[in-house]
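Visitor: What would the 3D arrangement of this be:
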Amino acid sequence: MSHQSASPARRVGVATGLTVLGVVLSVLLSIPALAVSLNTLAQFTVALVLSELGFVAAAVVFLRTTDRGLDYLRVRVPDLRALGFVVAGTVALFVYRLVAILGAQAVGLPLAGNSVTQLAEQGVLDTLLLLVPLSILVVGPAEELLFRGVIQSYLDGAFSRAPAVVLTSVLFALVHLPTTWVATPDPLAVGVTLAILFGLSILLGYLYVWTDNLVVPILVHGLYDALLFGLAYLVLSSDAVPEGASMVA
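Guide: Alright, predicted model coming up:
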């Protein structure tokens, strides 16, 4: 059966397999950085870059094995309309995050942390500063390439756009399960945090739908993470960390 005529179930299976492949490649590629003797910041940087390349590698595997070219990704230089979506989308993600976190705290739901906040709270604040450019140059492009550019587009070939966005967002949220669980091994806290990440992914998915340009969710994802890490640095460096605060990125 060709990929062009693949059934919805097959497409979901391929999308899930690509997600698993991305995670496996991320782990395998980051192992060398964890095995060599480097200072904490350098080791974290190399491991992060290599792990994000795992998502890129999974996307490349799909494009090569299905004989799809770069035009499949719908990457174009953003025009003024697209840049407007970038600004509005970044603001929307921040507003959503604020409302979601305040809502969770209002009803007494816990939130999970992550390995980045753990490093920062242990005194390696330079990690947060380093993540500002890395979010824009590495994290946003790598994750959006796989999840929006490849997986969402592939699922869109068998479903209407809404189910494709939702299914992609489920996979995107689940990818963050290991790091959130390691940081906070509390099922409820992890579940709440993944639900918030699911919502963030829904917004990113629709930005891709509305603009038909992968550069838009790439920029929004990268800018959102970069601003989040920058603000976290300012808060943590001022020793004014709110009780129960959590970073959802």
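Visitor: least trustworthy helix or strand in this protein by mean pLDDT?
Guide: When the helices and strands of the chain are scored by mean pLDDT, DSSP states H and E, helix 115-121 comes last with a mean of 60.
Visitor: so what does the helix or strand following it touch, helix or strand wise?
Guide: Following helix 115-121 in sequence order, the next helix or strand is helix 126-134 (DSSP states H and E). Other helices and strands packing on helix 126-134, by 3 or more C-beta pairs under 8 Å, 6 or more residues apart in numbering; DSSP states H and E, are helix 40-65, helix 115-121, helix 215-237. All C-beta spots, glycine's among them, are computed from the backbone N, C-alpha and C.
Visitor: Just name the most buried of those.
Guide: Of all the helices and strands packed on helix 126-134, helix 215-237 carries the top mean neighbour count, a mean of 21, counting by mean count of other C-beta atoms under 10 Å.
Visitor: hang on, the earlier thing: out of the helices and strands packed on helix 126-134, which gets nearest to V27?
Guide: helix 40-65 (7.2 Å; C-beta to C-beta).
Visitor: can you tell me which residues contact R76?
Guide: By C-beta atoms under 8 Å, 6 or more residues apart in numbering, the contact set of R76 is 82, 213, 215.
Visitor: now those in JSON lines, with pLDDT and distance to V150?
Guide: Shown next, in JSON lines, are the contacts of R76 (pLDDT from 0 to 100; distance: C-beta to C-beta, whole Å):
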{"residue": "A82", "pLDDT": "97", "distance to V150": "20"}
{"residue": "N213", "pLDDT": "97", "distance to V150": "15"}
{"residue": "V215", "pLDDT": "98", "distance to V150": "15"}
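Visitor: Among those, which one lies nearest to S7?
Guide: Of all the contacts of R76, S7 sits closest to N213, with 28.7 Å by C-beta to C-beta.
Visitor: what's the spacing between the closest one and L80?
Guide: 12 Å (C-beta to C-beta, to the nearest Å).
Visitor: before we move on, which element is the residue minimising distance to the centre of the chain in?
Guide: With distances taken as C-alpha atoms, centre = their mean, E143 lies nearest the centre of the chain, 5.3 Å away. Using DSSP H and E, E143 sits in helix 140-144.
Visitor: pLDDT averaged over that helix, what's the number?
Guide: For helix 140-144, mean pLDDT rounds to 97.
Visitor: related to what we said a few turns ago, give me the more crowded residue out of N213 and L80.
Guide: N213 (22 against 7; other C-beta atoms under 10 Å).
Visitor: Can you tell me the SS state at the more buried one?
Guide: Of the three states, N213 takes coil under DSSP: H, G, I helix; E, B strand; the rest coil.
Visitor: so it makes contact with R74?
Guide: Yes: with contact defined as C-beta atoms under 8 Å, N213 counts as touching R74 (6.1 Å).
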